[in-house]
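Peer 1: coordinates for the following, if possible.
(chains A, B, C and D)
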There are 2 protein chains.
Amino acid sequence: MNVRNLSERQKAILDFFGDFLDEHGYPPTVRDIQHGCDISSTSVVSYNIEALKKEGLIRKDDGISRGLGLVNRRTPRREPDTVAVPLVGSIAAGEPFPLPNDEPWSGVAGIDTVDLPQSVIPSGEGVYALKVKGESMIDALIADGDLVIMQQTDSVHNGQTAAVRILPDEETTLKKFYAEGAMVRLQPENSQMDPIRLPAHNVKVLSRVVAVWRLRV
Amino acid sequence: MNVRNLSERQKAILDFFGDFLDEHGYPPTVRDIQHGCDISSTSVVSYNIEALKKEGLIRKDDGISRGLGLVNRRTPRREPDTVAVPLVGSIAAGEPFPLPNDEPWSGVAGIDTVDLPQSVIPSGEGVYALKVKGESMIDALIADGDLVIMQQTDSVHNGQTAAVRILPDEETTLKKFYAEGAMVRLQPENSQMDPIRLPAHNVKVLSRVVAVWRLRV
DNA sequence: TAAGTTCCCGAACATTAGTGCTGACAAGCG
DNA sequence: CGCTTGTCAGCACTAATGTTCGGGAACTTA
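Peer 2: All right, here's what the predicted structure looks like:
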């Protein structure tokens, strides 16, 4: 697997292989490589292909034409490694904020999206972003302009910050969630504001905060 | 170019083509398509390939084996849409932290990396991440465990948070930067700590904070 | 009905392209 | 010097693979 072990000819073959693949969209034949690398015999190419295969640098399907492949090359249609998360709106202190409906987002025009690495958004399903307005969440170390990334869920643990819908008046808000017996305490992220206590059946958990993203600090 | 014009067989061929390409890394032969799509003759495949070629959906190099290609498929070697940023270490209050050397990172084993969407890291060059330990940056709304994303630079504006090297003792630290004439004031992000004033020529700006990333809030 | 079009089938044909064999040359080694 | 190993050349063989051709079924149109 050490590149230094390769002969000049083998390096040339690897280079040519990559270029050929980019240019044509399919792998070269033994004879393509032969002419591309100024080799006088197909057997020489065959010999060096075998060596590269042993090094683990080339994959080969015996017997089928152009059955070669570079092992380090990415799959053409690999999964995107970033997820476009809809930026559904902004949230200010206590104010209700728009919620995504149940339709798939599918890049609908008119909706901003935020690219997030897939590694932090396991499924990508039910994830959306909100932009924070003002100092309403200052106690959670969330500043004006930050993006909070929300994951839809039915339940959260005590102390987690969640978007909840308060049923009587259908208000939606972002608060710290504490279950206290049959009651629920909703703690604002700003000490200037008082907590709210409600019967548990009047509070519906919609989503929880999974990440905060701040740019241009 | 209208997909609705395609026969069921032609759609099947396109689907199979894409799957085959993903699986093998090279295009299918006429006979691969024949068996993959339950077609009884190679000539039928040839016929439909010709039709798809006229529709502009398939590219074909006559006479060479597996000389087919999907025209809408991205180039195999496209740019990744996420950037792997090295996580070079952690930063605590006032303590020096390790700095990346000048070598390219190139996925060296033993160094953690963080995937960031390329849209927020324009170049990807000179970007690295630090993990915050403790409450040392609490006043900047940066909590324990947060990742701060740094961009290497020579100069910053007043008020920006920057990594600076203090020359006399080669200490490296993260502070808010204020130029005040020939002097520089370095303001800790924790009000428990006092600002430092130094001659400008003793302070070397290394990088500035461009983003903060908090997970599992 | 007859002609034209589209699509399909089976088979034969021709080229492309992988593989194996023999031999050659140079370098290292006991 | 003889032996082995690694690398290269030339050539032939054969499997893999693209192409073509005659024909037929279903459908449309004059």
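
Peer 1: ok, residue A:146 to residue A:41 distance?
Peer 2: Separation of residue A:146 from residue A:41 (Cβ to Cβ, to the nearest Å) stands at 64 Å. From N, CA and C alone the C-beta is placed, and that goes for glycine too.

Peer 1: more neighbours: those two, which one.
Peer 2: residue A:146 (21 against 10; other Cβ atoms under 10 Å in any protein chain shown).

Peer 1: now do the contacts for the more buried one.
Peer 2: A:131, A:132, A:137, A:212, A:213, A:214 (Cβ atoms under 8 Å, 6 or more residues apart in numbering or on different chains).

Peer 1: which two from the residues you listed end up farthest apart in space?
Peer 2: A:137 and A:213 (13.5 Å; Cβ to Cβ).

Peer 1: who touches both of the two?
Peer 2: A:146, A:148.

Peer 1: which one's more surrounded, the two?
Peer 2: Using other Cβ under 10 Å, the more surrounded residue of residue A:137 and residue A:213 is residue A:137, with 27 against 21.

Peer 1: just the pLDDT for the more buried one.
Peer 2: pLDDT, residue A:137: 69.

Peer 1: likewise for residue A:71?
Peer 2: Reading off the model, residue A:71 has pLDDT 80.

Peer 1: which residues touch it?
Peer 2: A:56, A:57, A:58, A:59.

Peer 1: wait, residue A:206 sits on residue A:171?
Peer 2: No - using Cβ atoms under 8 Å, residue A:206 is not in contact with residue A:171, being 11.7 Å away.

Peer 1: mind listing the shared neighbours of those two?
Peer 2: Counting by Cβ under 8 Å, 6+ apart, the shared contacts of residue A:206 and residue A:171 are residue A:165.

Peer 1: give me the more crowded residue out of the two.
Peer 2: Legend: neighbour count by other Cβ under 10 Å for residue A:206 and residue A:171, higher for residue A:206 (19 against 12).

Peer 1: and the residue lying farthest from the centre of chain A, helix, strand or coil?
Peer 2: Most distant residue from the mean C-alpha position of chain A: residue A:40, 48.2 Å away (Cα atoms, centre = their mean). The three-state label given to residue A:40 by DSSP: H, G, I helix; E, B strand; the rest coil is coil.

Peer 1: do you know how far it is from DNA strand D?
Peer 2: To DNA strand D, residue A:40 is 3 Å away according to Cβ to the nearest atom of the strand, to the nearest Å.

Peer 1: check contacts around that residue.
Peer 2: Contacts of residue A:40 by Cβ under 8 Å, 6+ apart are residue A:34.

Peer 1: tally of neighbours for residue A:27?
Peer 2: Residue A:27 has 25 nearby residues by other Cβ under 10 Å.

Peer 1: swap in the one 10 residues further on?
Peer 2: When counting by other Cβ under 10 Å, one arrives at 21 neighbours for residue A:37.

Peer 1: correct me if wrong: it contacts residue A:10.
Peer 2: No - Residue A:37 lies out of contact with residue A:10 (Cβ under 8 Å); the separation is 9.7 Å.

Peer 1: pLDDT score assigned to the residue lying closest to residue A:182 once chain neighbours are set aside?
Peer 2: Nearest residue to residue A:182 in three dimensions, chain neighbours excluded: residue A:200, at 5.6 Å (Cβ to Cβ, 6 or more residues apart in numbering or on different chains). Note on residue A:200: pLDDT of 88.

Peer 1: number of residues surrounding residue A:200?
Peer 2: Residues lying near residue A:200 (other Cβ under 10 Å) number 12.

Peer 1: and if you look at residue A:87?
Peer 2: 16.

Peer 1: could you say which helix or strand holds it?
Peer 2: Using DSSP states H and E, residue A:87 sits within strand A:82-91.

Peer 1: so what are the sheet partners of that strand and their directions?
Peer 2: Applying DSSP bridges, strand A:82-91 is found paired with strand A:112-117 (antiparallel), strand A:127-132 (parallel).

Peer 1: buried deepest among these, which one?
Peer 2: Of all the strands paired with strand A:82-91, strand A:127-132 carries the top mean neighbour count, a mean of 22, counting by mean count of other Cβ atoms under 10 Å in any protein chain shown.

Peer 1: after that one, which helix or strand is next?
Peer 2: Following strand A:127-132 toward the C-terminus (DSSP H and E): strand A:147-152.

Peer 1: got a list of what the closest residue in space to residue A:180 that isn't next to it in sequence touches?
Peer 2: For residue A:180, ignoring the flanking residues on the chain, the nearest one in space by Cβ to Cβ, 6+ apart is residue A:197 at 7.6 Å. Applying Cβ under 8 Å, 6+ apart to residue A:197 gives the contacts A:180, A:183, A:184, A:185, A:186.

Peer 1: how about residues contacting the lengthiest helix in chain A?
Peer 2: In chain A, with assignment by DSSP state H, the single longest helix is helix A:8-24. Identification of contacts with helix A:8-24 by Cβ under 8 Å, 6+ apart yields A:3, A:6, A:27-28, A:32-33, A:36-37, A:39, A:44-45, A:48-49, A:51-52, A:57-58, A:68, A:70, A:73, B:61, B:67, B:69, B:75-77.
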